[in-house]
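Asker: the sequence and its predicted three-dimensional model are supplied below.
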Amino acid sequence: MVSSGANGHVAQMTAVRLTLENRHTGECLEISRADRNGEKWLMLRGSLPPRRQGPPLHVHFSEIEEFHVKSGTLGAEADGRTIQVPAGGSATFKAGSSHRWWNDGDDVLIVDGYAGPVVDLDRYLQAAFEILNSSPSDRPSLFYMGHLAWRHRHTQAVLFMPRPLQAVVLPLILAVGTVLGRYRGSEWPGCPDRCRGIA
């Protein structure tokens, strides 16, 4: 299936899709592979209920995110600047930009767009949603989120503490988690053996 993407780029969709849902916030995200100008990208389609928060402040070091708002109102913070994007509008978060987004209205927010050129965002998101869904609301497991943050530290980061501090704290969390047996087998939340993204 061929479709015209953001900025008029033509995208070739594959038949493979990854569907994710956050049971705490109601956020839904459908991810598929796309080819844009000879590069592999992710095609995104997401929704978020009214007045709900999306992801916390984070950075994709090598991947750009582009969103087109189909309905509702996207609120976003990018590098300390707050924006509001109504239906019909678009927002782009450059690689390396610290950003977060939320539903800033009373209608369901529906967005589509792209992320890329793809490095590992699909695997990262699959693991993050699995960890969030296995944890109590607003309290994801420190052991599993720490493992995810450490293994993707060169490509993705959630800015829950300064990155130099993360470089010290995360290995300690992993060491304790390993001693406690949290990472044995492949049945623990966010395990990389299972969270392989889109093949």
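Answerer: Received it, and whenever you're ready, just let me know what you need.
Asker: what's the burial count for His24?
Answerer: Using other CB atoms under 10 Å, His24 is surrounded by 16 other residues. All C-beta atoms are positioned from the backbone trio N, CA, C, and that covers glycine.
Asker: typo on my end, Arg23
Answerer: 12.
Asker: ok, it - contacts?
Answerer: Leu132, Asn133 (CB atoms under 8 Å, 6 or more residues apart in numbering).
Asker: and it, backbone torsions?
Answerer: phi -70, psi -20 (degrees, to the nearest 10).
Asker: so how far is Phe129 from it?
Answerer: Distance of Arg23 to Phe129, computed by CB to CB, to the nearest Å: 9 Å.
Asker: next: Tyr144.
Answerer: To Phe129, Tyr144 is 12 Å away according to CB to CB.
Asker: point out where this structure drops to low pLDDT.
Answerer: Low-confidence segments of the chain (pLDDT under 70): 1-15, 199.
Asker: if we use 50, what do you get?
Answerer: By pLDDT under 50, the weakly predicted segments of the chain are 1-15.
Asker: now do the strands in this structure.
Answerer: Ranges of strands within the chain are 2-4, 10-21, 28-36, 39-48, 58-60, 64-71, 74-78, 81-85, 90-93, 99-103, 109-116, 156-158, based on DSSP state E.
Asker: so which bits of stretch 48-62 are buried?
Answerer: Neighbour counts over stretch 48-62 (16 or more other CB atoms under 10 Å) mark Leu48, Arg52, Gly54, Pro55, His58, Val59, His60 as buried.
Asker: ok, so of the residues you listed, who is nearest Pro140?
Answerer: Nearest to Pro140 out of the buried residues of stretch 48-62 is Pro55 (CB to CB; 11.7 Å).
Asker: just give the closest residue to the closest one, not the sequence neighbours.
Answerer: Arg100 (6.0 Å; CB to CB, 6 or more residues apart in numbering).
Asker: so which of the buried residues of stretch 48-62 comes closest to Arg139?
Answerer: Of all the buried residues of stretch 48-62, the one with the least separation from Arg139 (CB to CB) is Pro55, at 15.7 Å.
Asker: the residue sitting furthest away from the middle of the chain and Leu172, how far apart?
Answerer: Centroid-distance maximum for the chain: Val179 at 29.1 Å, with CA atoms, centre = their mean. As for Val179, its distance to Leu172 is 11 Å (criterion: CB to CB).
Asker: by contact count, what packs against the lengthiest helix in the chain?
Answerer: The helix spanning the most residues in the chain, taking DSSP state H as the definition, is helix 163-179. Where contact means 3 or more CB pairs under 8 Å, 6 or more residues apart in numbering; DSSP states H and E, helix 163-179 is packed against helix 142-151.
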